[in-house]
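[1] curious how this folds, go ahead:
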Amino acid sequence: KVAQWLLLVNCLDLHNMECCQCAHIETASRFSFSQMWTHDEVNQYLQNEVFPLALGYVNSTEKGKGIGIPSCPWVLISKERLCYEVVDIERPDGNDL
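    Here you go, the predicted structure:
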């Protein structure tokens, strides 16, 4: 029962995150990246199409200005099994995704 409860909490959290446009579960299939995109094109797509509210908020606060490179409030993260790590690429482009 504990696992079921944790799963329910996680699903509710994901639903709340999706409502705030901080995650895309049901609508994830409508997003795609081109390997030909430059870093600036990827950055623009993430900020204007994928996560406009979350990244707009980060851009509007002083705390978020130190994340990533200037005017880029996101970093590329690699996941292998349960291990997450920041990828050491200064300006990830479409090919890096």
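
[2] ranges for the helices of the chain?
    Ranges of helices in the chain, per DSSP state H, are 2-19, 39-45, 52-60.

[3] mean pLDDT lowest where, among the ones you listed?
    For the helices of the chain, mean pLDDT drops lowest on helix 2-19, to a mean of 54.

[4] now the closest residue to Gly94 other than its chain neighbours: how far from Ala54?
    Computed as Cβ to Cβ, 6 or more residues apart in numbering, the closest residue to Gly94 that is not its neighbour in sequence is Trp37, at 3.4 Å. Placement of C-beta: from N, CA and C, glycine included. Distance, Trp37 to Ala54, using Cβ to Cβ, to the nearest Å: 20 Å.

[5] still on that earlier bit, state the number of residues packed around the residue nearest to Gly94.
    18 (other Cβ atoms under 10 Å).

[6] tell me the pLDDT at it?
    Confidence for Trp37, expressed as pLDDT, is 95.

[7] ok, now Phe33?
    86.

[8] next: Ile25.
    For Ile25, the predicted pLDDT is 67.

[9] what residues of stretch 88-97 count as buried?
    Under the neighbour-count criterion of 16 or more other Cβ atoms under 10 Å, stretch 88-97 has 92-93 buried.

[10] who touches it?
    33-39, 41-42, 69, 72, 75-76, 87 (Cβ atoms under 8 Å, 6 or more residues apart in numbering).
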